[in-house]
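Trainee: Return atomic coordinates for the entry below.
(4 chains)
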Protein chains: 2
Amino acid sequence: MGRNPEGNQRIRDQRRRLVLSAALKLFADRGLAATRISDIAWAAGISDGLVYHYFDSKDAIFVELVRSALAAMVASAHALENLAVSPRDRLKLALGGVRRDLARRGDAANALVLVASAAVSANVPADALQALEDGQLELQASIARIVEAGQADGSVRPGEPAELASVFWTLILGLAVRRGIRSDNAPAPSAELLVSLFGVDPPALTRGDRTLDAGTRSY
Amino acid sequence: MGRNPEGNQRIRDQRRRLVLSAALKLFADRGLAATRISDIAWAAGISDGLVYHYFDSKDAIFVELVRSALAAMVASAHALENLAVSPRDRLKLALGGVRRDLARRGDAANALVLVASAAVSANVPADALQALEDGQLELQASIARIVEAGQADGSVRPGEPAELASVFWTLILGLAVRRGIRSDNAPAPSAELLVSLFGVDPPALTRGDRTLDAGTRSY
DNA sequence: GTCTATATCCAGATAGAC
DNA sequence: GTCTATCTGGATATAGAC
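Mentor: Numbering: from 1, shown residues only, chains lettered A, B, ... in the order given. Next up, the predicted model:
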């Protein structure tokens, strides 16, 4: 089993993913500036020097993570658009997915927090900022299309779709930020309540339906 | 006019405030870890060493800023509770104030962004985290009381007041995060739309009333 | 109170042996 | 591909002159 080029490439990709995965958690927890290369290397189980064999710099790792986080979110939003459920339920799936992901504290949660953390700070690498702007724009456009469809079938409240999508995205960012505050005595709002903000029905104290939990892979 | 103790104290307080004001802007822009003491000193027009004459450490400056930011927000919320307008308009004043503050990019905006930035990151000083939790709890309690009053007079939609307050606070954090994304092609949602999320009225495309802009000093 | 100088430490990134 | 050793710069914080 001599090493062939493809095998080497696979090993290389695997290592890169290992580093990225370790870095994602650290960046989400501590932010770009407070995360040390040595932390990343340690978490990935390799030496400091080896990190630079796979990436040009700390910033480069960060940028790649922000890019892929947003790409995954955009892909997730597009998948949602094509889902065979009512627009209103598409919104509910999105919010439920975000809430669930944040609660699980896995890679998906870290990706969201990374995006929020990159958004608050003005000292992120320019490429990361660009990815952020592009991704946010596309996400909001996608949400706006769902909103519009919901208004057409009467399940979503009236209002400028772009503006409602902006509210939707603002809520998601807010949820990501709240995850950071541990031992939350006041837990984050439920998906039911959140989606009811966008509904047309007279808001009821409790709605009958439970959280939809479909098989959407949410970023 | 020889220096007396009180005069010295005033000078000392003034200098402290100068440093704090410079640090607030920097921390809000770049976060705790990426802000250098030398940046703060330069912005305040003093030497690096002198900063340590007034504060024990960089962390201490940060903690004091987080504390005072939250204290101001809590005070602002309490003031809002006692305002002689309808509960619904109190909510609108709060959201309008936040939006206006963020747009102005002054100290109030920086305070909000500082809080959001401290909330996302897990590596803030323990004292800052404590202040954050306490402040958030008190803020949500305050908002919940307004919501409850609004439900009593029929101007606010039904729902658990604590949960609606949680949504409210989540939105504010989200707005603070969005401020960080410059050249926003998709601008943040309007205060009218935001407050309409909490209203009982059938959501209309456009509401007649314009932004209330009272003289509340918002944090 | 204020500055300059500096001790001390540690980070990002590179070099080169294996 | 991987590591150890190291260069180099810069950051926090302190010491001590004025």
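
Trainee: So which bits of chain A are right by DNA strand C?
Mentor: Taking Cβ under 7 Å from any atom of the strand as the contact definition, chain A meets DNA strand C at A:35-38, A:48-49, A:52, A:56-59. Every residue, glycine included, has its C-beta placed from N, CA and C.

Trainee: now A:A84: how far from A:L129?
Mentor: Distance from A:A84 to A:L129, counting by Cβ to Cβ, to the nearest Å: 36 Å.

Trainee: more crowded one of those two?
Mentor: A:L129 (21 against 6; other Cβ atoms under 10 Å in any protein chain shown).

Trainee: Per-residue pLDDT of that one, please?
Mentor: The score at A:L129 is 96. That number is its pLDDT.

Trainee: And for the one 5 residues further on?
Mentor: According to the predicted model, the pLDDT of A:D134 comes to 96.

Trainee: Can you tell me the element the residue of chain A found nearest chain B falls in?
Mentor: The minimum distance from chain A to chain B, using Cβ to the nearest Cβ, falls at A:G174 (3.1 Å). Secondary-structure assignment from DSSP states H and E places A:G174 in helix A:161-179.

Trainee: which bits of chain A sit near DNA strand D?
Mentor: Remark: the part of chain A in contact with DNA strand D comprises A:8, A:11-12, A:15, A:46-50, A:53, using Cβ under 7 Å from any atom of the strand.

Trainee: quick one: contacts of stretch A:123-132?
Mentor: Stretch A:123-132 is contacted from outside by A:32-33, A:59, A:62-63, A:66-67, A:70, A:115, A:118-119, B:29-31, B:34, B:181-182, using Cβ atoms under 8 Å, 6 or more residues apart in numbering or on different chains.

Trainee: what do you get for stretch A:102-119?
Mentor: Outside stretch A:102-119, the residues within contact range by Cβ under 8 Å, 6+ apart are A:21, A:24-25, A:27-29, A:31-32, A:62, A:65-66, A:68-70, A:72-73, A:98, A:101, A:124, A:128-129, A:132, A:135, A:172-173, A:175-177, A:179-180, A:188, A:218-219, B:120-121, B:177-178, B:180-181.

Trainee: now stretch A:44-51
Mentor: Outside stretch A:44-51, the residues that touch it by Cβ under 8 Å, 6+ apart are A:15, A:18-19, A:21-23, A:37-38, A:40-41, A:61.

Trainee: Looking at neighbours, which among those is most surrounded?
Mentor: By neighbour count, taken as other Cβ under 10 Å, the most surrounded of these turns out to be A:A23 (27 neighbours).

Trainee: Which of the three states applies to it?
Mentor: Of the three states, A:A23 takes helix according to DSSP: H, G, I helix; E, B strand; the rest coil.

Trainee: rewinding a little: for the helix holding A:G174, packing partners?
Mentor: Counting by 3 or more Cβ pairs under 8 Å, 6 or more residues apart in numbering or on different chains; DSSP states H and E, the packing neighbours recorded for helix A:161-179 are helix A:87-104, helix A:107-120, helix A:126-152, helix B:107-120, helix B:161-179, helix B:191-196.

Trainee: repeat that with 6 Å
Mentor: Under the contact criterion of 3 or more Cβ pairs under 6 Å, 6 or more residues apart in numbering or on different chains; DSSP states H and E, helix A:161-179 touches helix A:107-120, helix A:126-152, helix B:107-120, helix B:161-179.

Trainee: Show the pLDDT at the most centrally placed residue in chain A.
Mentor: Of all residues in chain A, the one closest to the mean position by Cα atoms, centre = their mean is A:L112, 3.4 Å from it. As summarised for this prediction, A:L112 has a pLDDT of 98.

Trainee: Now list the buried members of the contacts of stretch A:102-119.
Mentor: When neighbours are counted using 16 or more other Cβ atoms under 10 Å in any protein chain shown, the contacts of stretch A:102-119 contain these buried positions: A:24-25, A:27-29, A:31-32, A:62, A:65-66, A:68-70, A:72-73, A:98, A:101, A:124, A:128-129, A:132, A:135, A:172-173, A:175-177, A:179-180, A:188, A:218-219, B:120-121, B:177-178, B:180-181.

Trainee: re earlier: among the residues of chain A next to DNA strand D, which are located in helices?
Mentor: Secondary structure assignment (DSSP state H) places A:8, A:11-12, A:15, A:48-50, A:53 from the residues of chain A next to DNA strand D within helices.

Trainee: Where does pLDDT dip in chain A?
Mentor: Counting by pLDDT under 70, the low-confidence segments of chain A come to A:1-3, A:5, A:182-185, A:201-219.

Trainee: Can you pull the residues of chain A lying near chain B?
Mentor: Taking Cβ under 6 Å from any Cβ of the partner chain as the test, the list of chain A residues beside chain B reads A:29-31, A:33-34, A:116-117, A:119-123, A:137, A:140, A:157-158, A:163, A:166-167, A:170-171, A:173-175, A:177, A:180-181, A:185-186, A:189, A:193, A:197, A:203, A:205.

Trainee: Buried members of those into PyMOL, please.
Mentor: Buried members of those, defined by 16+ other Cβ under 10 Å, are picked up in PyMOL with:
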select buried, chain A and resi 29+30+31+33+34+116+117+119+120+121+122+140+157+163+166+167+170+171+173+174+175+177+180+181+186+189+193+197+203
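
Trainee: picking up where we left off before, relative to A:L91, which of the helices and strands packed on helix A:161-179 is closest?
Mentor: Comparing the helices and strands packed on helix A:161-179 against A:L91 with Cβ to Cβ, the closest turns out to be helix A:126-152 (6.2 Å).
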